[in-house]
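>>> Have a look at this prediction, sequence included:
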Amino acid sequence: MSSKKMPIGAAEKRYFDKVRNMACICCGEGDISYAHHVRDQGARIGHYCIIPLCLACHVGPHGIHGDKQILIAGKTTELKLLNKTLERLNG
């Protein structure tokens with residue numbers, strides 16, 4: 001899929017809302033998050049492959065859209081964070 005905006009359906013919107021109401025999957029802060037699309041070779045995979053991130057972990061200078069130090073320090077990847085998100089949603 002392209003990294004351009006993808007249309008979002010009603011079921012996907014409900015899923016987004018669930019993920020956005022989780023604490024940040026990286027640092028645990030907050031109870032409202034931004035939904036970050038996990039990417040494969042730079043392209044969004046789909047609307048169900050999202051992880052909850054606080055503003056700093058999402059777009060901060062060391063966040064996922066920054067220099068990714070948040071991932072390096074946590075010895076993790078976006079895919080591992082997606083798995084952690086799914087565990088929390090379904091656990």
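Yep, it's here. These numbers were taken from a predicted model, which means no experiment stands behind them.

>>> Quick check: Ala10 vs Phe16, distance?
Between Ala10 and Phe16 the computed distance is 11 Å (CB to CB, to the nearest Å). The C-beta positions use only the backbone N, C-alpha and C, and glycine is treated the same way.

>>> Revised request: answer the last question for Ile32.
In this structure, Ile32 and Phe16 are 12 Å apart, going by CB to CB.

>>> More neighbours: the two, which one.
The residue with the greater number of neighbours, taking Ile32 and Phe16 and applying other CB atoms under 10 Å, is Phe16; the counts read 16 against 11.

>>> quick one: the helix or strand harbouring that one to chain centroid distance?
With secondary structure defined by DSSP states H and E, Phe16 is part of helix 10-20. Distance of helix 10-20 from its chain centroid, counting by CA atoms, centre = their mean, to the nearest Å, is 12 Å.

>>> what about the protein, any weak spots by pLDDT?
Scanning the chain with the threshold set as pLDDT under 70 gives 1-4.

>>> which residues pair with the residue sitting nearest the centre point of it across the strands?
Closest to where the C-alpha atoms of the chain average out (CA atoms, centre = their mean) is Ile51, at 2.3 Å. In this structure, Ile51 has the following beta-bridge partners (DSSP bridges): His36.
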